[in-house]
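Trainee: Pasted the sequence and its predicted model underneath.
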Amino acid sequence: MSRFLGISLISLAALACALAGEPKESNIFPYKINQVTSGNGLKIVSIPFDSPGIIAYYTVVRTGSRNEIEPGKSGFAHFFEHMMFRGTEKYPKTKFNELLKSIGADNNASTSDDETIYHTQASSDALETIIDMESDRFMNLKYSEEDFKTESGAILGEYNKSSSMPFQTIEEKVRDAAYQIHTYKHTTIGFLKDIQDMPNQYQYSLTFFDRWYRPENCVVVVVGDFDQARLMQLVQKYYSGWKRGTYSLNIPAEPPQKEEKMINVPWKAKTLPILSIAYHAPAFSDKEIDMAALNLLSQVVFSQTSDLYNKLVVADQTVESVEGSLEENRDPGLFYIFSRIKDPVNIPKVQDAILAAIEDAKSKPVSSERLASIKSHVKYDFAMGLDNADHVARQISHYIELANDPESVNRFYALYDKVTPEDIMAVAKKVFTTNNRTVLLLAEEKHEVKQ
Amino acid sequence: MKILNCILLMSAVVLLGTTYCVSNNQGGPRITELRSENSPLITFRIILRAGAINDPKGKEGLNALTATLIAEGGTSELTYSQVVEKLYPWAANIDVQTDQEISTFIGDVHRDHLDKFYKLVSDLLLHPRFDLSDFQRVKDRGLNYLKNSLRSTNDESLGKQALTAVMFEGHPYGHTEIGTVQGLTAITLDDVKAYYKNTYTQANLWIGIGGGYPATLIDQMKEDFSSLPAGQVTEVPLSAPAPIKDMEVTVVEKPTRAYAVSMGYPINVTRKDKDFYALLVANSYFGEHRTFNGVLMNRLRGDRGLNYGDYSYIEKFVGGLGSPFPDLNTPLRQQYFSIWLRPVQPENTHFAIRNALFELKNLVEKGLTKENFENTRKFVTSYSKLWASTINRRLGYKMDSEFYGTDYYIDRIERELKTLTVDEVNAAITKYLHPSDIKIAVVVDEGKGQQFFNAMVENTLSPIKYASSVPQNIQDEDKLITVFPLTVNEAKSKVVNAKELFEK
C-alpha cells in the first residue's frame, strides 16, 4: 500500500469507526461487517453506514447463467429474475408493486454469470415491509403459465434492445467459440434460440426455483441506517420458515483450449471495425496471486497511461479506443481486449501492436514506480466508489457472489500489495499464449483477421 | 465519505456540517458551494453557460468540441498524456458533459490530492493546450459517434435523437448536443480557439464545488478565475417550436431486428413553474422511468409482454440506463413531454404505438383518481430523496435549481406536493398533455420503412400477436386498441434513412 493511500484509508476507516466502532486500518473496506448465518443456512451481512434514514437491502442469489447446465436452458437465471416480480398469494403482483410504491422504494434486480441480485433502496422505516415482501417471494413465489409466457416477451424485448449493439454479438460469438463445455459458453441473457423457446419452459421454471431459491444459496445484505438487533429479530420472524434445498450442481470444468480460434463477423449496419482478442484466464481467488496480478497487468498494458494507449489512441490515432480487462468470475473467465479501429486498412497493424504489447508484458518488468502508481489507482478507485449505501452494498455483493464471504474483499485487495513485477510477467506467460486465444473481427466488409 | 450521506434527506440551509453557499461574480465567477467538512471526497461541477445552442451556423458541434478538447487536451504546461498520468494514481477524473443550454466539467478527487487536482482542473480551463493532434483526435471521435454509433449501433438513442431533431426542427435545439456531421467537419482549431476566447469568460463560467474542501479554496478559485475576461452572459433567444398538427411520423430506416419508438411534443413548463409539480405526479403515475408503477409499463410490458420497458417524461431525461436516476445538468428553458417505448417486435410495433396513445388518451380524459393521486404523491415525495444520494448529485441538483431560478429541487418537490390536490394534477394533465398533435419517431428495419409508413398513414388495423393467451379483459381492450385511430399528417411525415440524419 502506498503511503498516501494508507493515509486515505485510515481516514476512511476513522469515519467508519465513528459509527461502527471498529477501525480496520489494514483493510480496503473501511466499514464494520456483521455476518450471521441462520439455522437454515441463510447468511445475513449487515453494514452500518451513515445514510440517515436510508437503507440498501440486497439479496444475493449465488446462481447465474453459470448454473444453466442443461442444453436449451441458457438465459434461464435471468428469465427467473423477471419472474420473481410476478407475485405470491400473499402479495400478488399488483399488491407487490403497490407496497413498493407506498414506501417510495427503488427496487430492481440484475443477473450475471455467477449471481442474481435483488436490490432495494428505501427509507429505514420500511425495513420490516421490505423483509416481509422479500422473504415472501423467495419462499412462496407463485405465477400462472400465462404470466410466464407473457414475461417471455419482455425477455425477448431485453435481447432486442441491445441487438443493434455490436458488443452483444461479439460477446455471444467469442464465448461460444472459446468455451467447449463450461456454461460460460453462453451469455447471461442466453442464446436467441433458447430465448425464443422460453414460453414452452414453464415446468422447468418451477424446477429452477426449487433448486436455487434456497436459503443456503442466498445472502441478505443490509447497508445503511438500521438497528442490528431489530434486523435480526425481523430476519428470524420472516425467514425462519425457509427450507434448505437438496440440489447439487456439477459444472463441467473447461479443458485447456488447444488451438487459436478465429471468427469473422460481417455486420450489416454501419460500424467501425471492432477487433476482439480473448484469452482464458484464472478464476477468482483471494488467496492465489494470479487474478490480482492479471488485473494489474491490464492496467500496465491497456490503461490510458499505457504505452499501447498512447501509441494507438493518442499518437498514431489509428484507433478510437483500446482496452483490456479480466472478467472476475467464480470459474475461469475470459480476459477481453477490444479495439475500435478507425480505418480497416490498419486492422493488421493494430492487431500486431496489441500482440506486441502483450509479448512485452511477458519479458519486460514493470518499473517499481509505475507499479506503485497502478496499485494506488486500483485502491483509490475502489475507495471512491463507496459513496452511498447502495454503492457499498453493490461492492460487497460482488465479493459475496465470488467467495460467499464479504471479508474476501479485504483479502483480495491485500493481494495487490504483494504483486511483484515478476508475478505480472509470470501470469502473462501463463495466460497470453497463442493456443489460449480467440480472435474476432466485426466489420461491415469482409476483413480477415491475421492468423 | 460517509458524511456525504448525512445530507441525503435534509432540507435546511446548514445541516450536519454541510453548508450551502452561493456567491456572485464579484471578483470572479459565480460559485455554488456544498461544503461537507468531514467528507474525504471533493466534487467539482463547473458549468459553462453555453451549449449546442451557441454553435454558429455551419459549425454545429463547436461548443462540444471546444469543451471536450479542454477536458481531454492538456494544459499549456502538460500534454494530454501527462495530465492523464498525473490523475491516474489518484483515480481522479475530469469529464465533460455537453448539452443544449450548458456544458459541465465534472471532477471527483480524494482530499489527499485536492491541491494538485485543483491545479490541473484550473489549468485545463484557464490555460488549455489546444494541440492540433488532440483537436483531430477529439473531432474524429465526435464524427465517428454521429456516423458510426448514433446512426447505427444504438436504436434507442437514435430514436430519441431523431424525435428531438424533428420536434425542434428550425429551433436552436434542432441539432444534437455534439453537432452535425457537416458542422463538425467544417470546424478548425482556430474556430475552437476563437470560441474559447469569446465564451469562456467569468460571466459564463459557474463553479460548483462540494465535499470536504478547505474554505480557503474558494478565495483561490475566485482569484484564479478572475484572469478570464469578465464577459457577459448573452442568452440565446429561443423561438417557439413549430406547431404540430395531428401525428407527424418520422420512420427511420436502418438494419435492425426490433423497432424503437419515441414520441412527444414541446410543453411550456419547467421546474420553476408550479404546474410542473402537478405534472410530476401525473407523469410518475403514467410512466415513471424504470419502475413498475407506471400505467405504460404495466399495460404494455406487464400485461402484454410487448417489450422491455415503457416510460414517459415531462422534461429532458438523459442517462438512467444503468441507474434509474437521470444524469444532471441538462436543463432546458423549453421542455418537452415524451414517451419512450423500448424496442418492440416488428409485427407488434404499430399496436404498441396505439396502445401507448390509447393510454395517454385515457389519462387525459379520466385523470387520476383520488387514490391514484395520494399513492403517487406519497411515492414521489419519498422516491425523490433517493435521487440525490451522493454529494456530487446533490450539487448537480442544486445548480440545476439555480439555473431554473427555483429553490433546491428535491426540497421543492416535497413542499409543492404537500399542498398539491388531485384537481390540480388533473387540471395540469388537461392543460399540457394530449394524445394527438404529437411527433413520432420509429426506427425500423432497412427496406421496411415505406410499408410501415403506409400502415400508419392508412390507419391499418394492427392486431397484436401473443406467445400465449391473455386474460379476457386484456383481449377486450386489445379490440379497442387495434382500431384506435391514429390521425397521421402525411404531408408532415416521412421515411428517412439513418444515414441522412444529423448530417447538417
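Mentor: That came in fine, so what should we check first?
Trainee: hey, where'd the strands end up in the chain?
Mentor: In the absence of a named chain, this looks at chain A. A:34-37, A:43-48, A:54-61, A:106-111, A:116-123, A:218-224, A:261-266, A:274-280, A:319-326, A:334-341, A:437-443 (DSSP state E).
Trainee: Hmm, no, I was thinking of chain B.
Mentor: So, for chain B - with DSSP E - the strands run B:14-15, B:18-23, B:30-36, B:41-48, B:93-98, B:103-110, B:205-211, B:247-253, B:259-267, B:310-313, B:335-344, B:438-444, B:494-497.
Trainee: Can you add mean pLDDT and give these back as TSV?
Mentor: As requested, those are exported to TSV (pLDDT from 0 to 100):
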stretch	mean pLDDT
strand B:14-15	32
strand B:18-23	55
strand B:30-36	96
strand B:41-48	97
strand B:93-98	96
strand B:103-110	97
strand B:205-211	97
strand B:247-253	98
strand B:259-267	98
strand B:310-313	98
strand B:335-344	98
strand B:438-444	98
strand B:494-497	98
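Trainee: Of those strands, which is nearest A:Tyr416?
Mentor: Closest to A:Tyr416 of those is strand B:103-110 (CB to CB; 17.3 Å). Placement of C-beta: from N, CA and C, glycine included.
Trainee: Show residues contacting that closest one.
Mentor: Outside strand B:103-110, the residues that touch it by CB atoms under 8 Å, 6 or more residues apart in numbering or on different chains are A:8, A:380, A:383-384, B:40-48, B:50-51, B:63-64, B:67, B:70-71, B:90-98, B:117, B:121, B:124-125, B:329, B:392.
Trainee: Find me the pLDDT at residue 17, would you?
Mentor: As the question left the chain open, I've gone with chain A. We have a pLDDT of 34 for A:Cys17.
Trainee: Correction: the question concerned chain B.
Mentor: 43.
Trainee: From what I see, A:Thr434 and A:Glu260 are in contact.
Mentor: Yes - counting by CB atoms under 8 Å, A:Glu260 is a contact partner of A:Thr434 at 5.2 Å.
Trainee: what about chain B, any weak spots by pLDDT?
Mentor: Filtered on pLDDT under 70, chain B yields the residue ranges B:1-27.
Trainee: Now do the domain split for it, please.
Mentor: Here the domain parsing of chain B from automatic domain parsing is B:2-225, B:247-499.
Trainee: If we ignore the residues flanking it in sequence, what's nearest the residue minimising distance to the centre of chain A?
Mentor: Nearest residue to the geometric centre of chain A (CA atoms, centre = their mean): A:Ser112, 5.8 Å. Once flanking residues are discounted, A:Ser112 sits nearest to A:Gly64: 5.2 Å by CB to CB, 6 or more residues apart in numbering or on different chains.
Trainee: for that neighbour, what are its contacts?
Mentor: Under the criterion of CB under 8 Å, 6+ apart, the neighbours of A:Gly64 are A:Ala77, A:Thr111, A:Ser112, A:Asp113, A:Asp114, A:Glu115, A:Thr116, A:Thr188, A:Glu401.
Trainee: if we can go back for a sec, just put the domains of chain B in a markdown table and tack on mean neighbour count.
Mentor: As requested, those are exported to a markdown table (neighbours: other CB atoms under 10 Å in any protein chain shown):
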| stretch | mean neighbour count |
| --- | --- |
| domain B:2-225 | 20 |
| domain B:247-499 | 20 |
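Trainee: For residue 433, give me phi and psi.
Mentor: Using chain A here. With angles defined as degrees, to the nearest 10, A:Thr433 sits at phi -110, psi 160.
Trainee: wait, chain B
Mentor: Dihedral pair for B:Leu433: phi -110, psi 150, per degrees, to the nearest 10.
Trainee: Make sure it is actually in contact with B:Leu363.
Mentor: Yes - applying CB under 8 Å, one finds B:Leu433 in contact with B:Leu363, separated by 6.8 Å.
Trainee: Quickly list what's touching both of the two.
Mentor: The contact sets of B:Leu433 and B:Leu363 overlap at B:Ala282 (CB under 8 Å, 6+ apart).
Trainee: Quick check: which of the strands of chain B is nearest to B:Leu184?
Mentor: Across the strands of chain B, B:Leu184 has its closest neighbour in strand B:93-98 (12.5 Å, CB to CB).
Trainee: can you give me the angle that closest one makes with strand B:103-110?
Mentor: 160 degrees (axes from the mean of the first three to the mean of the last three CA atoms, to 10 degrees).
Trainee: Strand B:93-98 near chain A anywhere?
Mentor: No - looking at strand B:93-98 against chain A by CB under 8 Å from any CB of the partner chain, there are no contacts, and the closest approach is 9.2 Å.
Trainee: Partner strands of that strand and their direction?
Mentor: Neighbouring strands of strand B:93-98 in its sheet, by DSSP bridges, are strand B:103-110 (antiparallel).
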